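Student: generate a structure from the sequence data that follows.
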Amino acid sequence: MPLLGKGMLLTFTDVSARDERDYNEWYNREHIDDRVNLPGFHRGRRYASAHGKPKYLAVYECDTVAILGTENYLRTLDHQTPWSQRVMARFTHFTRLTLRIQVDQTHGIGAALATVRFVPDLHRRNALAEWLSTQALPKLIARPGVLGAAAGENDLEVVHAPLQDKSMDHPRADESEWVVLLEGSDVTAVGTAARSLFTMSRLKPFGVEAAPTIGTYKYLFGNQR
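Tutor: Here you go, the predicted model:
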């Protein structure tokens, strides 16, 4: 089964150890449901890092990336619940990506997720999407323990909408970052697959000048409608 839509919101967050219990309760009992019930949203999932930081990742699937820049959505960001305000004020790390899905070869929901982040040359984005779709991702999906994959491009206009609306405070993105998501049944399997293929030698033809950032995550909780 493919993703539930052509848009995706990714958030990487972290909090101090003393705030983790409240943070996790808030995410599981309020925040996921609040987002999933917004118009155009369909599914939300959250993960904890198997290695390194930031520790937490959330993935939200929506009809299109444009939904993440609409007045209705931004109004929601401006009117957080008291619990949300308290928890979000304690974030020690926050990165937000609004992805336009370019390749979708997913297959259900796995117990593990690997994320591969890199910045290609905008003029080579079509060649990159073709390579991912016809060569890279099918090869990875065929590996034991890897069940599906998707790739998306951070939409700079949409990701900057909260800044323009003054509803959130986070670093401004100046480059169109891509994210590949590898889904599977085992953290080691998806991590090994990501590191084996997404090397500088393979990404350099697409104008990637810095080594990709690879993270591995374990599934915690999700909801959908």
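Student: measure His93 to Thr13 for me?
Tutor: Per C-beta to C-beta, to the nearest Å, His93 is found 6 Å from Thr13. Where you see a C-beta, it was placed from the backbone N, CA and C, and this is true even at glycine.
Student: which one of these two is surrounded by more residues?
Tutor: Set His93 next to Thr13 and count neighbours by other C-beta atoms under 10 Å: Thr13 wins out with 20 against 12.
Student: tell me the helix or strand right after the helix or strand bottoming out on mean pLDDT in the chain.
Tutor: In the chain, the helix or strand scored least confidently by mean pLDDT, DSSP states H and E is helix 161-165, which has a mean of 64. Counting by DSSP states H and E, the element after helix 161-165 in chain order, helix or strand, is strand 178-184.
Student: can you name the element that comes right after that following strand?
Tutor: helix 187-197.
Student: what sits against Phe221?
Tutor: 27-28, 32, 45-46 (C-beta atoms under 8 Å, 6 or more residues apart in numbering).
Student: give me the buried subset of the residues you listed.
Tutor: 27, 32, 45-46 (16 or more other C-beta atoms under 10 Å).
Student: check these and tell me the two furthest apart.
Tutor: Farthest pair in the buried ones among the contacts of Phe221 (C-beta to C-beta) is Tyr27 and Arg45. Separation: 10.8 Å.
Student: show me the shaky parts of this structure.
Tutor: 163-174 (pLDDT under 70).
Student: can you give me the strands in the chain?
Tutor: Per DSSP state E, the chain carries strands over the ranges 7-14, 41-49, 56-62, 93-105, 112-118, 146-154, 178-184, 213-224.
Student: the fifth one vs strand 56-62, what angle?
Tutor: Just to be clear, that refers to strand 112-118. For strand 112-118 against strand 56-62, the angle by axes from the mean of the first three to the mean of the last three C-alpha atoms, to 10 degrees is 90 degrees.
Student: which helices and strands does strand 112-118 pack with?
Tutor: Packing partners of strand 112-118 (3 or more C-beta pairs under 8 Å, 6 or more residues apart in numbering; DSSP states H and E): strand 56-62, strand 178-184, helix 187-197, strand 213-224.
Student: what's the third one in contact with?
Tutor: Think helix 187-197. Counting by C-beta under 8 Å, 6+ apart, 50-51, 110-116, 136, 139-140, 143-146, 180, 182-184, 214, 216-218 sit against helix 187-197.
Student: do you know how far Gly7 is from Thr70?
Tutor: Taken as C-beta to C-beta, the span from Gly7 to Thr70 is 11 Å.
Student: picking up where we left off before, filter the contacts of helix 187-197 to the buried ones?
Tutor: The buried subset of these (16+ other C-beta under 10 Å) comprises 50, 110-116, 136, 140, 143, 145-146, 180, 182-184, 214, 216-217.
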